[in-house]
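Trainee: Build me a model:
(2 chains)
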Amino acid sequence: MSQNVEKINDHARLFHQPEYQELFARKREFENCHSPEEVQRVAEWTKSWDYREKNFAREALTVNPAKACQPLGAIFAAAGFEGTLPFVHGSQGCVAYFRTHLTRHFKEPFSAVSSSMTEDAAVFGGLKNMIEGLANSYTLYKPTMIALCTTCMAEVIGDDLGAFITTAKNEGAIPKEFPVPYAHTPSFVGSHITGYDNMLKGILTELGGEKTGSNGKWNFIPGFDTYVTNNRELDRILNLMDIPHTILADNSDSFDSPNEGEFVMYNGKTTLAEARDAVNAEGTISLQAYSTEKTRAFIQTDWGQPTQVLRPFGIRGTDAFLMKLSELTGKPIPRQLEIERGRAVDAMTDSQAWLHGKRFAIYGDPDLVLGLLAFTLEMGMEPVHIVVTNSNTTFEAEAKALLDSYPNGKEATVWGGKDLWHLRSLMFTEPVDLLIGNSYGKYLWRDTKTPLVRIGYPLFDRHHLHRYPTLGYQGAINLLNWIVNTVLDELDRQTIIPAKTDISFDLIR
Amino acid sequence: MTYTQDEKRQIIKEVLEAYPEKSRKKREKHLNVTEEGKSDCGVKSNIKSVPGVMTTRGCAYAGAKGVVWGPVKDMIHLSHGPVGCGYYSWSGRRNYYIGTTGVDTFGTMQFTSDFQERDIVFGGDKKLAKLIDELETLFPLSQGVTIESECPIGLIGDDIEAVAKKKSKQIGKPVVPVRCEGFRGVSQSLGHHIANDTVRDWVFSKSEKIPNEELGFTPSPYDVSVIGDYNIGGDAWSSRILLEEIGLRVISQFSGDGTLHEVMLSHRAKINLIHCYRSMNYLCRHMEEKYGIPWLEYNFFGPTEIARSLREIASRFDETIQAKAEEVIAKYQPQTDAVIAKYRPRLEGKRVMLMVGGLRPRHVIPAFRDLGMEVIGTGYEFGHGDDYQRTTHYTDPGTLIYDDVTAYEFEEFARKLKPDLIAAGIKEKYVFQKMALPFRQMHSWDYSGPYHGYDGFAIFARDMDLALNSPTWGLVNAPWKTA
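Mentor: Now for the predicted structure:
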């Protein structure tokens, strides 16, 4: 009997029972699989330099890329605004995927609609779907704003969002004054960070209020940062410094809302009034460069406002951030932040011995990787393989400059445009001690036995990591916690066999 | 809260009032209440979703790659087009398998042609041909390739069939073009059909000519194929074990944990046993017409249906098998009794609302009933008329039926009917949990499972109990607010 009601086994244990093991053996008869020797031989070969060369020679194939497509980033940005319903114009399957993906990461509901285009729309265009869709979503979901973006289908057939919105308004599907910002977000250009940029620019363009003189505030743009608690941390730091501010696209509550027995559909924190008034700010500070290029250009040229990119990650990154804020606003850096800095540095010095010289591979979005590199270099760690699928040459130059500024960064190679199957070859041929990246890295962990520190997006297989800030001094402590304790967990695992490896199974580390 | 049928009809009417008139008229055809003696649930289905409302439906690509072809573990399934579709469907469905991933097995990998603008402008056929060569170099043990086309492929007019033919000849393995662009059809359902047709045209058409000996296959009178079980959390295994125990020989699992070879064997069975009717009935019908193989739907959720199904399956074979079926049912009786004895008292009388995809909106109802629970509402994301006909067999009169239910309708129905448990998908999960309603994902078993078979039923019962009776639900309201 397979199940004991007092201890019901699910998949993780059930299939290791003898009756299932016998079943698997019987099934082999019909599978026509390769012999274990052959599988072993090829498996070993995939770890070789020869395989690495063949792997890096590929030009057409992408395997396990570390990037998603534009609309995901677009709706992520849209979710940061008050009462905003993301509306994706195109075939409906895409929205199902975006909603699923975001929901699985955040364990939060995510509302977005589609114009549900099918074959007829492919032939005649999606105008009819757009008009009907806008009327329905406006009436049913009562948004304050509908943020429109496209899928690759709508892009290939050439649907013109601007013209469609005008027509929809003229036909009375939605009121004329109702805000419908839009962004063209073809999936065959850029990645999710491009989509974030396009949508944020679209929203600011649409809302772009009148210039009435300075409101004395500073605008902040988080970028495609899934550690949404960073927005709260940023807000806290700015309040400590007494800097009046607006966080644009603040989706911290959209992806981390309380359970109070009610489902609240809209949780975007940036009000439309704040967004409209953003044009009157003293300046705009973006926490990410590569997900805000067009938005920053728009703010500079159309708003005539200075913009900066500052990444408050690690100690020096946060130092630079605070000093720059202080310089720009004339406000002093408060004692409390000095104390927090001291605590973070204290934690880092406490842990440095366990991380110094640790060789690691890392992958993720460009800005995320730069923030993490800044922190790990300060810890004395040695980055070796840096894989960024959605890379560009500016990023690569910036990363190189950062790496060159530390002696422990000199061995690193930035692999722009490469994927996680490339990384697999790198990790087999030039092994590292640690891997830092999102949940997809668990397959590399399995294959190469390199412990994985889960940081990035998506994180499907660990709970609540996104609820911790990663920016500022507090964020540095969280990053440190995740990295050093992964190293210590691994050390315990290596020293756990009684009478064999447990000589060093120490209580105190 | 219990309502009469008329009151439920009134609820439907009230919920529909929020729509603009045109959409209200469209949506009202998809909502109904079951009646005694009617042969179907009286709802329209398999119709284009209303634009601008939240549907849970996916697309043809999701049906073809994510459901039918994806679980065939020793082939490479290429997401052909831009990066997104492959990325979002990467490891999203827990189709368990045994194999060395990246060497002879590829189920949890993402292969894509990652279309860029130039590919849209100049076409992607050359890239596709080159890519298949690269796959051959890097993954020599793969048994073949399927090409799942994404939206742009059909729109720019790429001839993936020509590329597939040419490359298949060159590499000596099947290369199957699957025209499952997301804009085709009204949901993932058409993707199932399209994928079924490619199995027929690109695999069966060749494999039917290969003699048994060449495939190393010696037929027996007890050969069956398991069709339409995707091995979510190991479902196909906890099903297969029962079929083998009653003396049958499972020659093919198609497609959960399946191999290309098994696909090629499936039309050599004495009978096809189909679990997910919606996604694979097309192939069963084809095998019946072409090869004279009968097919039988079965349901391995909950002991009542498992026993009924085992008896029905056995009835297609000789007395030995029938006797063994009785033995197996008897063998598992104590296990089932123990599960019910433990969990039924905790679940008795609890009311459930369901909304899932292919077969579960009806198939799981008896499993809930075995635990003393009542399903008060059910519906399909992408069911067809025949699914709703089959549903009447499972539902009680007065059950609320909702086809392609929108998020708005589902939430409103839940607010009004106040079920004790909702069982649907990930997109719905946190909506209802925020409403303090216990929830289980019924696509993925909430990362648990298997739920099929007797072993699965024990897990199902445990999971429903842990969902419903978690003390966390009692924490939702702050005590100073409820006072």
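Trainee: For residue A:436, what are phi and psi?
Mentor: Backbone torsions for residue A:436, taken as degrees, to the nearest 10, come to phi -120, psi 120.
Trainee: Residue A:412 versus that one, what's the distance?
Mentor: Going from residue A:436 to residue A:412 by Cβ to Cβ, to the nearest Å gives 13 Å. (C-beta placed from N, C-alpha, C; glycine too.)
Trainee: Which strand or helix spans residue A:387?
Mentor: Following DSSP states H and E, one finds residue A:387 within strand A:382-388.
Trainee: Identify each buried residue in the lengthiest helix in chain B, please.
Mentor: The residue-count maximum for a helix in chain B (DSSP state H) belongs to helix B:319-347. By 16 or more other Cβ atoms under 10 Å in any protein chain shown, the buried positions in helix B:319-347 come out as B:321-322, B:324-325, B:328-329, B:332, B:335-336, B:338-340, B:342-343, B:347.
Trainee: Now do the same for the single nearest residue of the stretch 351-500 of chain A relative to chain B: helix, strand or coil?
Mentor: Nearest to chain B in the stretch 351-500 of chain A, going by Cβ to the nearest Cβ, is residue A:443, at a distance of 6.5 Å. Under DSSP: H, G, I helix; E, B strand; the rest coil, the three-state class of residue A:443 is helix.
Trainee: That one contacts residue B:101, correct?
Mentor: Yes: using Cβ atoms under 8 Å, residue A:443 is in contact with residue B:101, at 6.9 Å.
Trainee: ranges for the strands of the stretch 101-250 of chain B?
Mentor: B:111-112, B:145-149, B:175-178, B:223-227, B:249-254 (DSSP state E, counting those that start in this stretch).
Trainee: what's the burial count for residue A:301?
Mentor: By the criterion of other Cβ atoms under 10 Å in any protein chain shown, residue A:301 has 9 neighbours.
Trainee: what's next to the helix or strand hosting residue B:283, contact-wise?
Mentor: Secondary structure from DSSP H and E places residue B:283 in helix B:277-291. Defining contact as Cβ atoms under 8 Å, 6 or more residues apart in numbering or on different chains, one finds that helix B:277-291 is touched by B:63, B:67-68, B:189, B:192-193, B:196-197, B:199-200, B:204, B:208, B:227-228, B:254, B:266-267, B:272, B:274, B:293-295, B:297, B:357-359, B:380, B:382-384, B:386-387, B:390.
Trainee: Of all the residues in it, which ones are buried?
Mentor: B:277, B:278, B:279, B:280, B:281, B:282, B:283, B:284, B:286, B:287.
Trainee: on that earlier part again, now the residue of the stretch 351-500 of chain A closest to chain B: how far from residue A:420?
Mentor: From residue A:443 to residue A:420 the distance is 8 Å (Cβ to Cβ).
Trainee: Compare neighbour counts for the two and give me the winner.
Mentor: The neighbour count for residue A:443 versus residue A:420, taken as other Cβ under 10 Å, is higher for residue A:420 (23 against 19).
Trainee: What's the mean pLDDT across stretch B:9-28?
Mentor: The average of the pLDDT scores along stretch B:9-28 is 97.
Trainee: Enumerate the positions of that stretch that are buried.
Mentor: Per 16+ other Cβ under 10 Å, stretch B:9-28 contains these buried residues: B:11, B:12, B:15, B:16, B:18, B:19, B:20, B:23, B:24, B:26, B:27, B:28.
Trainee: Now look at that stretch and say if it contacts chain A.
Mentor: Yes: with Cβ under 8 Å from any Cβ of the partner chain as the criterion, chain A is reached by stretch B:9-28 at B:18, B:19, B:20, B:22, B:23.
Trainee: Please identify which pair of those residues lies farthest apart.
Mentor: Farthest apart among the residues of stretch B:9-28 next to chain A by Cβ to Cβ are B:18 and B:22. That separation is 13.3 Å.
Trainee: what residues do residue A:443 and residue B:101 have in common as contacts?
Mentor: Common neighbours of residue A:443 and residue B:101, using Cβ under 8 Å, 6+ apart, are B:108, B:109.
Trainee: quick check: longest helix of chain A.
Mentor: Chain A, longest helix under DSSP H: helix A:472-494.
Trainee: Which elements pack onto that helix?
Mentor: Counting by 3 or more Cβ pairs under 8 Å, 6 or more residues apart in numbering or on different chains; DSSP states H and E, the packing neighbours recorded for helix A:472-494 are helix A:229-240, helix A:314-329, helix A:335-355, helix A:366-378, strand A:434-437, strand A:452-454.
Trainee: Now do the strands in the stretch 351-483 of chain B.
Mentor: Using DSSP E, counting those that start in this stretch, strands in the stretch 351-483 of chain B cover B:351-354, B:374-378, B:400-402, B:421-424, B:439-441.
Trainee: Can you tell me which of those is nearest to chain A?
Mentor: Among the strands of the stretch 351-483 of chain B, strand B:439-441 sits nearest to chain A (Cβ to the nearest Cβ), with 10.4 Å.
Trainee: For that closest one, enumerate its sheet partners and note whether each is parallel or antiparallel.
Mentor: strand B:421-424 (parallel) (DSSP bridges).
Trainee: what is the mean pLDDT for the strand it pairs with?
Mentor: Across strand B:421-424, pLDDT averages out at 98.
Trainee: Enumerate the positions of that strand that are buried.
Mentor: Taking 16+ other Cβ under 10 Å as the criterion, strand B:421-424 shows B:421, B:422, B:423, B:424 as buried.
Trainee: what about the first one, distance to residue A:469?
Mentor: Distance of residue B:421 to residue A:469, computed by Cβ to Cβ: 35 Å.
Trainee: who's in contact with residue 72?
Mentor: Unless you meant another one, I'm taking chain A. A:98, A:101, A:102, A:192, A:195, B:84, B:88.
Trainee: Hmm, no, I was thinking of chain B.
Mentor: Contact partners of residue B:72, counting by Cβ under 8 Å, 6+ apart, are B:146, B:254, B:255, B:258, B:259, B:260, B:263.
Trainee: Take those residues and write them to TSV, including secondary structure and distance to residue A:226.
Mentor: Below are those laid out as TSV (DSSP: H, G, I helix; E, B strand; the rest coil; distance: Cβ to Cβ, whole Å):
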residue	secondary structure	distance to residue A:226
B:146	strand	32
B:254	strand	38
B:255	coil	33
B:258	coil	35
B:259	coil	37
B:260	helix	38
B:263	helix	39
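Trainee: any idea which of those is the one closest to chain A?
Mentor: Nearest to chain A out of the contacts of residue B:72 is residue B:259 (Cβ to the nearest Cβ; 4.5 Å).
Trainee: residues near residue A:353, how many?
Mentor: Neighbour number of residue A:353 under other Cβ under 10 Å is 11.
Trainee: For burial, what's the neighbour tally of the closest residue to residue A:479 other than its chain neighbours?
Mentor: The shortest distance from residue A:479 to any non-neighbouring residue, by Cβ to Cβ, 6 or more residues apart in numbering or on different chains, is to residue A:375 (5.4 Å). Residues contacting residue A:375 under the criterion other Cβ under 10 Å number 23.
Trainee: so where's chain B shaky on pLDDT?
Mentor: In the predicted model, chain B carries pLDDT under 70 at residues B:1, B:482-483.
Trainee: Could you look up the SS state of the closest residue to residue B:478 other than its chain neighbours?
Mentor: Ranked by Cβ to Cβ, 6+ apart and with sequence neighbours excluded, the top spatial neighbour of residue B:478 is residue A:260, at 7.8 Å. Here residue A:260 is recorded as coil under three-state DSSP.
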